[in-house]
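Chemist: how would this look folded up:
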Amino acid sequence: MREALDIEVHGIVQGVGFRPFVYKAARRHLIDGWVLNATAGVFIHAEGESKNIDDFVMEISDNAPAAARVDEILMKEVPLADFDGFTIRYSDDAAATATTLVSPDLATCPECAAELFDPTNRRYHYPFINCTNCGPRFTIIDKLPYDRNHTSMAQFPLCEQCADEYSDPEDRRFHAQPNACFACGPHLIWRAVDHSLSGEDDLTRHHAAENAGETHDADGTPRIGCNAEASDAIIDAAIQTLRRGGIVAIKGLGGFHLACDARNAEAIAALRARKHRPTKPFAVMYPAIDAVREACSIGGAEERLLTGTQRPIVLLKKKPEAHFAEGLADGLAELGVMLPYTPLQHLLLAAFDGPLVMTSGNMHDEPIQIDDDEAFLALHDIADAFVGNNRAIRCRFDDSVMRVIGAGSAGEAVQTVRRARGFAPMPVNANLTGETTLADGTPRAILAAGSEQKNTFCLLRGTDAFVSQHIGDMENAATYDAWLEAVGRFEGLFEAKPAAAACDMHPEYLASKWALEQAERGLPLCKVQHHHAHIAAIMGENALDEAVIGVAFDGTGYGVDGAIWGGEVMLCNRTDFERFANFSYIPMPGGAAAIKHPLRMAYGVLWQYDLLEHPAATGVLAALGEEAQTCDRMIERGLNCPMTSSAGRLFDAASALLGICAEPSYEGEAAILLEAACGNVACDESYEIAIVKNTALETSTAHDTSVVLLDAEPLFQALLDDMAAGVETSIMAAKVHNAFVAAIVQACLVANAAYGISTVALGGGVFMNRRIVEGAAAALENAGFTVALSRELPPNDGAISYGQAVVAASRIAAESEQQ
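Modeler: Numbers count the residues shown, from 1 in each chain. Prediction:
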């Protein structure tokens, strides 16, 4: 018996070959009707025998294209319309209350990569080859639905051959919006740098030559890769620059990279000097997985990350016998590695036949550059040449960073370190249980502004949490402008006007100031304590509704009492928290200066624990010189000397005392090098962090005053004793780490004994430390706890916006239930 269904498929179903997949499935199952893209997803009208329709729907659900994500299939019986055959219709531009999900950019698929290097293929060496299974998506889209005329490809009319592919449902490039070739698509643009000129004068020189119709640069390289020969010549010029030790700015999917030979220490040193990046490790792009295996250890999960459709940077353990150029990632056990994910990268790496440093094309702490002219000006003093193109980037995206960690009895777990290209803007389910719609039935939208460092924002629409790509540190106007631009883009694309906002409690964060301005204009605002947001993010991601013990260890977070928190053990649910334990406060002489100069933190620790006279303290005092007296005056007088409970600052102090890192050049370096100093040492010994009862005042609340304190005085006393006794640095570093793991377990045991909570959530930047997170997860499980970790989102501040959104939505839902 024939029947008819209207089917709506919601999820990531546009720009991933979903309609041709449906078309082919319909033909296999003898289904008549049609399929089209709409703003709410993919709509299908299906007519056929009952069993055939059942099989057809099951195939849509179970066998969707690899890059698709089917979240929901809605079906409604409708009258037969007696269609004859199955067709693909053009997009429905009618308004809808819910917008479809947008695919992230996808790495070059194996089929396109094969065509790229096939001399008989008409797209041989075409740097922008793509199909429905790969290529740019979110970084080229202007608005939904995802059609070519709504992307930055609108300026490139299809040639006859590409148009035939585009309109053929049986072709791999059917409705591939970025589909193009040398005849009709984007081209490379070559600009050599004249360092004797200013950036402005050099750009003027190039514009004049381009406007005059000059086809070649002064070095003989074609300015535009308008055909295969010219495009290959540009790539060859880039390769020659790299082989000479030069630096090339290369336009990618979400912005420019700065590239140099990863085997050339002089080239790396030049890049560091010009980019003002003294020691922060570089990521490396290898030509193929076999080349990676020669340098690093790769497990199965890591290989899947490296070769999948997202192609993130993956943190891998260096092989002891492998050689790495000086300046690449000195002193660290891990290297950030990725494989080519654009056709241009495939061509460059194949021709160069070796690894390339690939770092973000920006100046220190500024957003990644996406526009060719603006990049030329901003990066002129860094790069020796530019390989750009005339396809506009609509949204800036850095590379994502992932790692594989040991997660106790769960075995290996893939964990995000930085969420950007390949993953954003895929929504993270907030797993909300309360009301998520407005009175008119539309999904409630909440805009969570995020943190100051490693900022992301989160646009929560109903239960879908659209966490933005990594924005960066919100410490300058350029990054704030990039944040505003991205917020506007998300609100427009996902047709979500915020009905409420959420932000950090810190009054001076730029993102919080924005939220406060919105509140002054009448938008309801929810302020969320920083460490509560860390734990709420883990609760949301892991669908935890009951109270948890939240261990939030990081560097900085504004506390309810006005102090700087960062070593917190909290009792949390989704709406509120109580402070159960924290590290006892220590002074930070100079405030933010103590973060940049860990010797000051070491002095604060020595002063607080009355260890300034210890024989092993003389090294720190000598290194500080007259600054030691300045620190002392600041502490004694309480001038520019905030108090902190930060675990991160304790790691900094230990690193400085051990002489490992006294002058970090990037955030977290002192703690990162302290972890690296442990090496592969097997050490079961531990220093002690004592747990002592806290004293409450009449004005104390459960939010600001803990039940017990974590006292690090025994740790630093024993550390100084070991230093005086000449114990190996690796042993002392390991004992510091073991002390923190033991303190986490002991604090959780005390909390469990008092409140019976047996689930522990581990969040905050300290849990970027592999030794801490893996050690704590295993030890807590051994003590009988269930451990929750972040996976889709980072443990660091990149998850704060999501946590803020979870708290805000939960509070709104709770208030609705009370009314």
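
Chemist: neighbours of the residue nearest to Arg123 when sequence neighbours are not counted, just the number please.
Modeler: Leaving aside its sequence neighbours, Arg123 sits nearest to Ile129 (Cβ to Cβ, 6 or more residues apart in numbering; 4.7 Å). C-beta coordinates here come from the backbone N, C-alpha and C atoms, glycine included. Ile129 sits with 29 neighbouring residues when counted by other Cβ atoms under 10 Å.

Chemist: Next up, identify which helix or strand Ile129 is on.
Modeler: Applying DSSP states H and E as the criterion places Ile129 outside every helix and strand.

Chemist: And Arg403, by the same measure?
Modeler: strand 401-406.

Chemist: ok, that strand: who's next to it in the sheet?
Modeler: Sheet pairing here is set by DSSP bridges, and for strand 401-406 it gives strand 313-318 (parallel), strand 412-418 (antiparallel).

Chemist: helix or strand right after the shortest one?
Modeler: In other words, strand 313-318. strand 334-338.

Chemist: tell me what that following strand is packed against?
Modeler: strand 283-285, helix 289-295, strand 313-318 (3 or more Cβ pairs under 8 Å, 6 or more residues apart in numbering; DSSP states H and E).

Chemist: outside of it, which residues touch it?
Modeler: Applying Cβ atoms under 8 Å, 6 or more residues apart in numbering, the external contacts of strand 334-338 come out as 281-286, 292, 295-296, 306, 311-318, 324, 328-329, 358, 399, 401, 403.

Chemist: contacting residues for His175?
Modeler: Neighbours of His175 in contact, by Cβ under 8 Å, 6+ apart: Arg19, Pro20, Ile88, Thr132, Tyr166.

Chemist: can you confirm the first one is in a strand?
Modeler: It refers to Arg19. No - counting by DSSP: H, G, I helix; E, B strand; the rest coil, Arg19 is not found in a strand; it is helix.

Chemist: Can I get the helices and strands packed on strand 334-338 in CSV including mean neighbour count and distance to Cys159?
Modeler: Compiled in CSV, the helices and strands packed on strand 334-338 are given as follows (neighbours: other Cβ atoms under 10 Å; distance: least, Cβ to Cβ, whole Å):
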stretch, mean neighbour count, distance to Cys159
strand 283-285, 25, 32
helix 289-295, 16, 35
strand 313-318, 23, 36
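
Chemist: Could you export the ones you listed to CSV, including columns for distance to Tyr480?
Modeler: CSV is the format used below for the helices and strands packed on strand 334-338 (distance: least, Cβ to Cβ, whole Å):
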stretch, distance to Tyr480
strand 283-285, 26
helix 289-295, 37
strand 313-318, 25
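
Chemist: Tell me which of those sits nearest to Lys275.
Modeler: Among those, strand 283-285 comes nearest to Lys275, with 13.3 Å by Cβ to Cβ.

Chemist: Which elements pack onto the closest one?
Modeler: If you count contacts as 3+ Cβ pairs under 8 Å, 6+ apart, strand 283-285 packs onto strand 334-338, strand 356-360.

Chemist: For Ile549, find the nearest of those strands.
Modeler: Closest approach to Ile549 among the helices and strands packed on strand 283-285 is made by strand 334-338 (29.3 Å; Cβ to Cβ).

Chemist: any idea of the angle that closest one forms with strand 401-406?
Modeler: Put simply, strand 334-338 runs at 130 degrees to strand 401-406, going by axes from the mean of the first three to the mean of the last three Cα atoms, to 10 degrees.

Chemist: after strand 334-338 comes which helix or strand?
Modeler: The first helix or strand that comes after strand 334-338 along the chain, using DSSP H and E, is helix 343-352.

Chemist: other SSEs contacting that next one?
Modeler: Right, helix 343-352 is packed against helix 110-116, helix 228-243, strand 248-251 by 3+ Cβ pairs under 8 Å, 6+ apart.

Chemist: I'd like a version of the ones you listed in a markdown table, one that adds mean pLDDT, distance to Pro65 and mean neighbour count as further columns.
Modeler: Converted to a markdown table, those look like this (pLDDT from 0 to 100; distance: least, Cβ to Cβ, whole Å; neighbours: other Cβ atoms under 10 Å):
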| stretch | mean pLDDT | distance to Pro65 | mean neighbour count |
| --- | --- | --- | --- |
| helix 110-116 | 98 | 13 | 16 |
| helix 228-243 | 98 | 29 | 19 |
| strand 248-251 | 98 | 27 | 25 |
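
Chemist: Those into a markdown table, with extra columns for distance to Cys395?
Modeler: Putting these into a markdown table (distance: least, Cβ to Cβ, whole Å) gives the following:
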| stretch | distance to Cys395 |
| --- | --- |
| helix 110-116 | 22 |
| helix 228-243 | 25 |
| strand 248-251 | 14 |
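
Chemist: Just the buried ones from the contacts of His175?
Modeler: Neighbour counting by 16 or more other Cβ atoms under 10 Å classes Arg19, Pro20, Ile88, Thr132, Tyr166 among the contacts of His175 as buried.

Chemist: Next, the contact list for the second one, please.
Modeler: Listed by Cβ under 8 Å, 6+ apart, the contact set of Pro20 reads Ile88, Thr132, Pro169, Glu170, Asp171, Phe174, His175.

Chemist: Would you confirm that Ala228 contacts Arg122?
Modeler: No - using Cβ atoms under 8 Å, Ala228 is not in contact with Arg122, being 9.4 Å away.

Chemist: which residues are common contacts for the two?
Modeler: What both Ala228 and Arg122 touch, as defined by Cβ under 8 Å, 6+ apart, is the set Phe182.

Chemist: Quick one: residues contacting Glu663.
Modeler: Neighbour list for Glu663: His597, Pro598 [criterion: Cβ under 8 Å, 6+ apart].
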